[in-house]
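A.B. asks: Generate coordinates for the sequence data below:
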Amino acid sequence: MAACHLKALLWVGGLLLAKGFDVDGCTSIIVSSGATVDGSAITSHANDCVDCDWRMVYVAARDHPAGAMRTVYSGTWSQYPRLVDPSRSSQYTAPPGTKTADALGSIPEVPHTYALWEASYGLMNEHGLGLGESTCPGFIPKMCIGSGGTALFTVGNLMAVALERCKTARCAIQTMGELGMKYGYCGEDAGLTGGGEAVTVVDKAGESWVFHITGGVDAPAGVSSFAGKRGALWVAQRVPDGHVAVVANSFIIKEVDLTDTENFMVHPGLLELTKEHGIYDGNGPFNWQKIMAPDLATFRYFPGQAPIPMYSTLRIWGVYRHAAPSNRLHPSAHMEDYPFSIQVDKNVTHLDVMNWFRDHYEGTEFDMTLGALAGPWQSPNRMEGGLGGRAVPGQFTRSSSIPRTSYTVLMQTGIPQPVAWFSADQSASSVFVPFFTDVLAHGDGKFDVDAYGVGSMKSFSFTSGKLQPAWWAFDFVANYMEINYKNMSETFVYPKVQKLQKEVNEEAQLAVKAARRAATPEESGKVLALAQTKTQRRVLTEWWSLAEMLVVTYNDGFFNFGPWMPNGVGAIGYPAFWLEMIGYSQESYYPTWFSRNATPPSLLPAAERAVLRVEATTVEESSAFDFLTNCLPSHRVVLALLIGVAGGYKLGIQAAISAQKAAEAKNGGYVKIDP
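C.D. replies: Got it, this is the predicted structure:
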């Protein structure tokens, strides 16, 4: 038994040493008020984290006595419970002895702090100030207190303090910058990979900003200049009206205009300190992206492995192709080929931005549902890291919706009723629910705590007697989809996401209208609190019902008792293109091997073959959900296919190929169940 335990420990240790992936990389999209249909400003955060405590928490507004101090906890601990501090929120109560974040120090408290919604990071406060986050490589990494360094603040703590103290984007930027300068900033991830951070900031006035920060420059012996301002370097740029910007684990601010205070906010000693540090020669414009960060085309994001520049750049291109298809921006491995922001072709809604987060580049040459890595079931999900990735290095496509997405949140402000739209687990198969700011100010922070405010990745139960939290509902469905991703996503999950999202949005609009009729702010807050709680519970219930149905329908690799054939069972089998690709034959009782081939299988549906023939220089705009909608067959066709499978499974491979091609020609290149 001891030997078994030793082997297990060695195996786990090997996995930990072979991570080879960004365990906490995030994506943030920010949309200026002039780029939206309703004039709202939107920022966002896809929190991609392997072990994060995903609970939504209400932090109440508070008054503080003179001389009070605010504790700053370690920002490098993300697991449940991320924090044990009942004075901050009753949700931060945890069993005695639970491993949690350490207290690193404290700063003077302000007389009054604002209420806010908080998850792994602070999200939005009662005044409609919203923040998103993305870690970026940076040239000046610093160590935190407790890890051998002297810096007090990680970005999560800076964001939390800014939300507690500020009403505007400019205040938030100035607050984060000053705290970093005075007390020191350190990355949540070690080394150059986590040496910098980006925070996207929007406020109720409709302003939209991108803030970058890195570690500071220590003073040489005998030098006293910039005392109290050396703990961090930072810059911020305003997103132009009508524009969209994307931060995908890389700095996007380029040339900094120190004289343009309307559009830039800058550390007061940025030029002097970077020259002192030896990374800026003082000649020419100050380009933050080039001077403060390594070139992603050559930077080894993971030590010992090759560069993976498309890890960042493809996510930016993926959003810009939706926001401004007329721009025809070409995919590139070089960050300098992408602008800081791009003007939208037409104004967008928050529902559009949600769908950008659900995208897997469907309809482009990077379509993640195609190719060998997608497997026979055409899954867009990729398994990161591991010993295999160490032994055979490479680079696969990375989207904004990935298996380790802990949650995605959109902060929509600049409108009478700001709201944080929160989706549990990965966004492609999730639904965003509202958390209104008026509930923070006047509704006592009421929401469905059992659905979105409790639970942990470390524990799950089928026998507790009550529904498990929303994160587990969405996580279960996302994982179960791997049984037959294409069939399950297009037949049930994606249509359900879109239908339920539309209904949730309509419910939120009705709630806002009802709140406007309220006689007092307190009554308005209660109306919205009850409405969002009801919606959150409904989404939880409906998603567990969907999960139950999927378990029955896809049991044992068959399509069982579907809505179009309630008493029938049909064989799904391996897709014809997959069998063709692997060289399936009468001798496939031997193991079969295959390698990369530029020519797609002839039995791949025509629409998908056409996608793979598109060159990078001629990519055209294509909506993932339009593609799915146009390619779905009618219920009658599915029923006919099921009957055909049940009655004629032994027709032989040639008959199957003929049926595949005929159905493909009739149904726009897609057959839901491959005979």
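A.B. asks: Please tell me the pLDDT value assigned to Ala198.
C.D. replies: Ala198 is assigned 98 on the pLDDT scale.
A.B. asks: Mind listing the residues bridging to the closest residue to it other than its chain neighbours?
C.D. replies: Of all residues not flanking Ala198 in the chain, Val247 sits nearest, at 4.4 Å (Cβ to Cβ, 6 or more residues apart in numbering). No exception for glycine: its C-beta is placed from N, CA and C like everyone else's. Applying DSSP bridges to Val247 gives these bridge partners: Ser28.
A.B. asks: burial count for Val247?
C.D. replies: Burial of Val247 is recorded as 31 neighbouring residues (other Cβ atoms under 10 Å).
A.B. asks: now swap in Val419 and tell me
C.D. replies: 29.
A.B. asks: before we move on, back to that, please verify my assumption that the residue nearest to Ala198 contacts Gly196.
C.D. replies: No. Val247 is beyond contact range of Gly196, at 10.6 Å (criterion: Cβ atoms under 8 Å).
A.B. asks: could you list every residue that touches the residue nearest to Ala198?
C.D. replies: Applying Cβ atoms under 8 Å, 6 or more residues apart in numbering, we find Val247 in contact with 27-28, 30, 132, 134, 136, 198, 200, 210.
A.B. asks: Please enumerate the shared neighbours of Val247 and Gly196.
C.D. replies: Common neighbours of Val247 and Gly196, using Cβ under 8 Å, 6+ apart, are Cys136.
A.B. asks: what are the bridge partners for the closest residue to Lys142 other than its chain neighbours, then?
C.D. replies: Closest residue to Lys142 apart from its sequence neighbours, by Cβ to Cβ, 6+ apart: Gly215 at 3.3 Å. In this entry, Gly215 is beta-bridged to Ala232, by DSSP bridges.
A.B. asks: Just give me the neighbour total for Gly215.
C.D. replies: Neighbours of Gly215 under the rule other Cβ under 10 Å: 24.
A.B. asks: Report pLDDT for it.
C.D. replies: So, for Gly215, pLDDT stands at 97.
A.B. asks: Surely it and Tyr185 touch.
C.D. replies: Yes. Under the criterion of Cβ under 8 Å, Gly215 makes contact with Tyr185 at 5.9 Å.
A.B. asks: what touches both of the two?
C.D. replies: 142, 151, 232.
A.B. asks: show me the contacts for the second one.
C.D. replies: Looking back up the chat, that one is Ala151. 142-145, 183-186, 215-216, 231-232.
A.B. asks: quick one: which of those residues is nearest Val57?
C.D. replies: Among the contacts of Ala151, Cys144 lies closest to Val57 (Cβ to Cβ), at 22.7 Å.
A.B. asks: before we move on, back to that, and the two most separated of the contacts of Val247?
C.D. replies: Greatest spacing in the contacts of Val247, by Cβ to Cβ: Ile30 and Cys136 (14.6 Å).
A.B. asks: tell me the contacts of the residue nearest to Lys142?
C.D. replies: So Gly215 contacts 138, 140-142, 151, 184-187, 195, 232-233 (Cβ under 8 Å, 6+ apart).
A.B. asks: Compare those residues and tell me which is most surrounded.
C.D. replies: Going by other Cβ under 10 Å, Tyr185 tops the contacts of Gly215 with 32 neighbours.
A.B. asks: What separation do you get for the closest residue in space to it that isn't next to it in sequence and Asp24?
C.D. replies: Leaving aside its chain neighbours, Tyr185 sits nearest to Ala232 (3.7 Å; criterion: Cβ to Cβ, 6+ apart). According to Cβ to Cβ, to the nearest Å, Ala232 stands 19 Å off from Asp24.
A.B. asks: Please apply the same query to Ala576.
C.D. replies: 40 Å.
A.B. asks: What of Tyr584?
C.D. replies: Tyr584 sits at a distance of 41 Å from Asp24 (criterion: Cβ to Cβ).
A.B. asks: These two: which has the busier surroundings?
C.D. replies: The neighbour count for Tyr584 versus Asp24, taken as other Cβ under 10 Å, is higher for Asp24 (23 against 14).
A.B. asks: ok, the more buried one - contacts?
C.D. replies: Neighbouring residues of Asp24 by Cβ under 8 Å, 6+ apart: 48-50, 52, 78, 135, 188-189, 194.
A.B. asks: Among those, which lie within strands?
C.D. replies: When the contacts of Asp24 are checked against strands using DSSP state E, the ones located there are 48, 135.
A.B. asks: now, which of the contacts of Asp24 sits nearest Pro521?
C.D. replies: The closest of the contacts of Asp24 to Pro521 turns out to be Cys52 (Cβ to Cβ; 33.8 Å).
A.B. asks: Surely the closest one and Gly156 touch.
C.D. replies: No. Cys52 is not in contact with Gly156 according to Cβ under 8 Å; the separation is 10.8 Å.
A.B. asks: quick one: the strands in the stretch 51-200 of the chain?
C.D. replies: With DSSP state E, counting those that start in this stretch, the ranges of strands along the stretch 51-200 of the chain come out as 57-59, 62-63, 69-73, 103-108, 112-113, 116-118, 122-125, 130-136, 196-202.
A.B. asks: and if you look at the stretch 351-500 of the chain?
C.D. replies: Going by DSSP E, counting those that start in this stretch, the stretch 351-500 of the chain shows strands at 405-413, 419-424, 433-436.
A.B. asks: Tell me which strands the first one pairs with, and in which orientation.
C.D. replies: To tie it back to what came earlier, the one meant is strand 405-413. The strands beside strand 405-413 in its sheet (DSSP bridges) come out as strand 41-48 (antiparallel), strand 419-424 (antiparallel).
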